[in-house]
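Chemist: Need a 3D model of the following:
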Amino acid sequence: MLVAQRHEQLVRELQESEGLKVTELAARLNVSRATIRRDLLDLEAEGRVTRVRGGAVPAIPHPTGRPSGPRPVAAPSVAPRLAAGSASAHTLGLLVPSAHYYYPRIVSGVQAVAAERDVRVVIGLSDYAYPNDTQQLQELAASGATGLLVASATGHTLPQEQLEQLQAVGLPFVLMERQPYDRHAPCEFVATDHRQGAFRAVGHFRDLGHDRVGLFTNNSPTAPLLREGYEAAVRHLGLAAGAPVLDSGRPRLGPEEAGRLYDRFVKECLADGTRAALVHSDHDAIELMRRMRAHGLRTPDDLALIAYDDEIASLADVPLTAVAPPKHEIGAQSARLLLDRLDAADPSAVPVRQLLIQPRLIVRSSCGAAARD
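Modeler: Next comes the predicted model:
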C-alpha cells in the first residue's frame, strides 16, 4: 500500500470510529505501531487528525462551515453531551492555542473528567500567531458555558489586562499552563513546573557523571522557565559554569540558518568539554542529532541529550530521554478544580487553589543510561 493510500485509510478509520488507539490502527492496517505514529504526525501536520494520548481522533471541524485558515475559532463539543436526566447542568468552555502540538493531551484530560462527571465541553481555538482570546471567550460564554478552562495565546504569564478581560466575562475560570503576571492575584491555575523539569534533567546528567551541561532552546514561551531551572541546577548541584547556552529563535529562522545554529551549539559543546545537553524541543533534539550524524558524531557517545516535551522523543533514531510535562493531568486537574467550584453550594466559599505539577523524566538511550520507560 502506498503511503498516500494508507493515509486515506487511516483518516477513514478514524472518522468512522471517532477515534482509535495506535495499537488498533496498526492491527487494522497491518503495519507497525511506529509506522502508524509517523503517519499520524504527518496527518496532524496537514490538519487532518488530532493526536491524543495513545491514539488519534478526527481533526476538529469548524462548526460554521467556514474554510479553515491560520486563525481558527470556535469548534463544537469535544465531549459527550449530557445524558438524559443527568443532575449536572454544566458546560465547560475550553480555550487552547493549538489543536496539534502539546494541547491534544491536555484536551484529552479535560474530556476524561467531563465524561466522569457527565458534563459537556465546548472548545475554542486561538492561534499563537493570531491571538483572539477575547473573541473566543465571548463565543464560549454565548454558547452556554458555565465555567472556563483557559490556556491563552499569550504564553505562560497572563498579563494583567487580559486577566481583567477574563474576569469581566463573569464566569468561574481556571488557567491551564498559565499563571497571572501578578503572583498575588487570587486566580486559580494548574501548570507544569517547567523550572523543576529542567532542574531534574540537569540533575540526571550530574548523576551520570557529567560536570558540564549545555542548554539549547528555541525561543518558545517555555524557554525562559527552562533557563531559570537550568541555571538553578548548575548553581545548586555544583556544576561547572559557562557551558554553552543557546536560544535559536527558531520560529523566525529558515532551515539553513537553524542548521548552522545546531552546528554551532555542538561545536561549542565539544570545544569546552561539554558532553551533555538539555534540548527544547523534541524536534530540535532530533534535528541536532541528525546534524551530529552528518559530521560523524554520535549520541550519546559524543554528546548525550535529554529532550524537553516528549511529544515524539521516543521515535528518534536514538530514542530520546525526555522530560515529559504532565499534559493529560493538567487538563484533568483543571477540570476537577473548576467543577468543584461549580458544584459547590456556595462557590465563593471554595478556597482559591493554585497547583504546580512536576514533569516526569523518562529515561531512554540518548542520555547514556539504561532505558527505564
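
Chemist: Against which helices or strands is the one helix or strand Val113 maps to packed?
Modeler: Using DSSP states H and E, Val113 maps to helix 103-117. For helix 103-117, the packing partners by 3 or more C-beta pairs under 8 Å, 6 or more residues apart in numbering; DSSP states H and E come out as strand 49-52, strand 91-96, strand 120-125, helix 327-343. Any C-beta I mention is one placed from the backbone N, CA and C, and that applies to glycine too.

Chemist: Pull out the buried residues from that helix.
Modeler: Neighbour counts over helix 103-117 (16 or more other C-beta atoms under 10 Å) mark 103-114, 117 as buried.

Chemist: rank the helices and strands packed on helix 103-117 by pLDDT, which is bottom?
Modeler: Lowest mean pLDDT of the helices and strands packed on helix 103-117: strand 49-52, a mean of 75.

Chemist: Can you tell me the strand partners of the helix or strand just after that one and which way each runs?
Modeler: Later in the chain than strand 49-52, the nearest helix or strand by DSSP H and E is strand 55-58. According to DSSP bridges, strand 55-58 has the following sheet partners: strand 20-21 (antiparallel), strand 49-52 (antiparallel).

Chemist: Would you mind finding the most buried of the ones you listed?
Modeler: Among the strands paired with strand 55-58, the stretch with the highest mean neighbour count (mean count of other C-beta atoms under 10 Å) is strand 49-52, at a mean of 23.

Chemist: Give me the residues contacting it.
Modeler: 10-11, 14, 19, 40-41, 43-44, 56-60, 99-100, 104-105, 107-108 (C-beta atoms under 8 Å, 6 or more residues apart in numbering).

Chemist: Under the pLDDT cut-off, which ranges of this structure? List them.
Modeler: For the chain, the stretches with pLDDT under 70 are 1-2, 17-19, 52-53, 60-88, 127-131, 250-254, 370-373.

Chemist: Can you pull the domain assignment for it?
Modeler: Domain assignment for the chain by automatic domain parsing gives 3-58, 74-187, 194-325.

Chemist: Throw those into CSV and include distance to Ile362, thanks.
Modeler: Converted to CSV, the domains of the chain look like this (distance: least, C-beta to C-beta, whole Å):
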stretch, distance to Ile362
domain 3-58, 14
domain 74-187, 14
domain 194-325, 5
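
Chemist: Mind checking these for the one nearest to Ser348?
Modeler: The closest of the domains of the chain to Ser348 is domain 74-187. By C-beta to C-beta, the value is 9.8 Å.

Chemist: just the helices in the stretch 101-250 of the chain please.
Modeler: For the stretch 101-250 of the chain, applying DSSP state H, counting those that start in this stretch gives helices covering 103-117, 133-142, 160-168, 194-207, 223-236.

Chemist: count of neighbours near Glu24?
Modeler: A total of 15 residues lie near Glu24 under the criterion other C-beta atoms under 10 Å.

Chemist: how would you label it: helix, strand or coil?
Modeler: Three-state assignment for Glu24 (DSSP: H, G, I helix; E, B strand; the rest coil): helix.

Chemist: Enumerate every residue touching the closest residue in space to it that isn't next to it in sequence.
Modeler: With sequence-adjacent residues excluded and distances taken as C-beta to C-beta, 6 or more residues apart in numbering, Glu24 is closest to Gly55, at 7.3 Å. Applying C-beta under 8 Å, 6+ apart to Gly55 gives the contacts 19-22, 24-25.

Chemist: my read: Asp272 touches Ala240, true?
Modeler: No - taking contacts as C-beta atoms under 8 Å, Asp272 lies outside contact range of Ala240: 9.0 Å.

Chemist: can you list residues touching both of those two?
Modeler: Common neighbours of Asp272 and Ala240, counting by C-beta under 8 Å, 6+ apart, are Arg212.

Chemist: one step back: how distant is the helix holding Val113 from the center of its chain?
Modeler: Going by C-alpha atoms, centre = their mean, to the nearest Å, the spacing between the C-alpha centre of helix 103-117 and its chain's C-alpha centre is 14 Å.
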